[in-house]
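Colleague: Please work out how this folds:
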Amino acid sequence: MRDFRHAKAMARTLRASLAARGFKITASQSLELIAEAFGVADWNTLSATIRAEAADARDSAPKPQISTALSAALKSTLLRAMAYANRRKHQYATLEHLLLALIDDGDASAVMTACKVDLGRLRAHLVNYIDDELKTLVTDDAETRPTAAFQRVIQRSAIVQSSVREEVTGANVLVAIFAERESYAVYSLIEQGMTRYDAINYISGGIEKNDGDTAA
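Modeller: Just a heads-up that it's a prediction; the model follows:
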């Protein structure tokens with residue numbers, strides 16, 4: 001049986017059926033009639049319901065299982081990131097919450113220090129951004145959830161580490177963050193001259209960035 005998820009198809013069928021009987025209506029009118037049939041105010045309301053249902057279906061879909069273990073330090077870091085968001089009553093924990101937590105992660109902070117990142121300055125910039133620019137995330141909902149980008153970063157770092165069968169650390173997460181190029185978290189690192197290449201150089205070969213190096 002069709003339900004509201006098939007609303008557009010039903011609207012097309014209704015319009016064609018009426019046209020065959022000599023009653024011509026516009027596409028918009030057919031959509032409004034279908035919305036009325038489902039007992040909602042208008043098509044926009046029904047459309048929003050359809051999108052919400054689709055989003056819920058995606059969220060409830062089984063996630064791929066990754067066997068690579070997270071280090072104890074990284075687990076604490078992830079909890080700290082969630083706590084930063086929860087303390088501010090933010091509905092979501094973002095990459096900025098995550099990067100702020102990584103500043104106090106021994107593995108990640110060692111990489112950032114080797115890449116000449118001023119951790120105090122980075123912390124100040126992130127706190128200002130989180131407090132000033134993420135006010136729209138404030139909610140009365142009790143549970144804070146990680147954003148899709150947050151989850152992608154953790155999954156990406158786990159997948160990479162699974163190839164070498166080593167546990168995932170904050171350093172791996174830091175490298176994975178660079179794939180989210182549009183985020184303020186990545187901008188704040190690049191603004192201090194750090195690149196993904198710098199991080200990988202240090203993690204793989206212990207090569208620290210020289211003061212004269214420029215960002216790639």
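Colleague: Buried ones in stretch 24-39, by neighbour count?
Modeller: Neighbour-count burial for stretch 24-39, counted by 16 or more other C-beta atoms under 10 Å, picks out 30-35. The way it works is simple: take the backbone N, C-alpha and C, and place the C-beta from them, glycine included.
Colleague: ah, wrong one, I meant stretch 140-153
Modeller: 144, 146-147, 149-150, 152-153.
Colleague: contacts for it?
Modeller: 81-82, 85-86, 89-95, 97-98, 154, 173, 176-177, 179-180, 183 (C-beta atoms under 8 Å, 6 or more residues apart in numbering).
Colleague: Quick check on those: which are buried?
Modeller: 81-82, 85-86, 90-95, 97-98, 154, 173, 176-177, 180, 183.
Colleague: Return the subset of those lying in strands.
Modeller: Per DSSP state E, strands hold the following members of the buried ones among the contacts of stretch 140-153: 92-93.
Colleague: Include secondary structure and pLDDT when you put the buried residues of stretch 24-39 into CSV, please.
Modeller: Converted to CSV, the buried residues of stretch 24-39 look like this (DSSP: H, G, I helix; E, B strand; the rest coil; pLDDT from 0 to 100):
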residue, secondary structure, pLDDT
30, helix, 76
31, helix, 77
32, helix, 78
33, helix, 74
34, helix, 73
35, helix, 70
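Colleague: In space, not sequence, find me the middle residue of the protein.
Modeller: Per C-alpha atoms, centre = their mean, the C-alpha nearest to the average position across the chain is that of residue 149, at 2.1 Å.
Colleague: Output the helix or strand hosting that one as PDB, nothing but the C-alphas.
Modeller: Per DSSP states H and E, residue 149 falls inside helix 148-162. Taking Å, rounded to 0.1, in the frame of the first residue of the first chain, the C-alpha atoms of helix 148-162 are listed here in PDB:
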ATOM      1  CA  ALA A 148      27.600  13.500  10.500                       C
ATOM      2  CA  ALA A 149      31.000  15.100   9.900                       C
ATOM      3  CA  PHE A 150      32.200  14.200  13.400                       C
ATOM      4  CA  GLN A 151      31.200  10.600  12.700                       C
ATOM      5  CA  ARG A 152      32.800  10.500   9.300                       C
ATOM      6  CA  VAL A 153      36.100  11.700  10.800                       C
ATOM      7  CA  ILE A 154      36.100   8.800  13.400                       C
ATOM      8  CA  GLN A 155      35.100   6.200  10.800                       C
ATOM      9  CA  ARG A 156      37.700   7.500   8.300                       C
ATOM     10  CA  SER A 157      40.500   7.300  10.900                       C
ATOM     11  CA  ALA A 158      39.400   3.800  11.900                       C
ATOM     12  CA  ILE A 159      39.300   2.500   8.400                       C
ATOM     13  CA  VAL A 160      42.800   3.800   7.700                       C
ATOM     14  CA  GLN A 161      44.200   2.300  10.800                       C
ATOM     15  CA  SER A 162      42.400  -1.100  10.200                       C
END
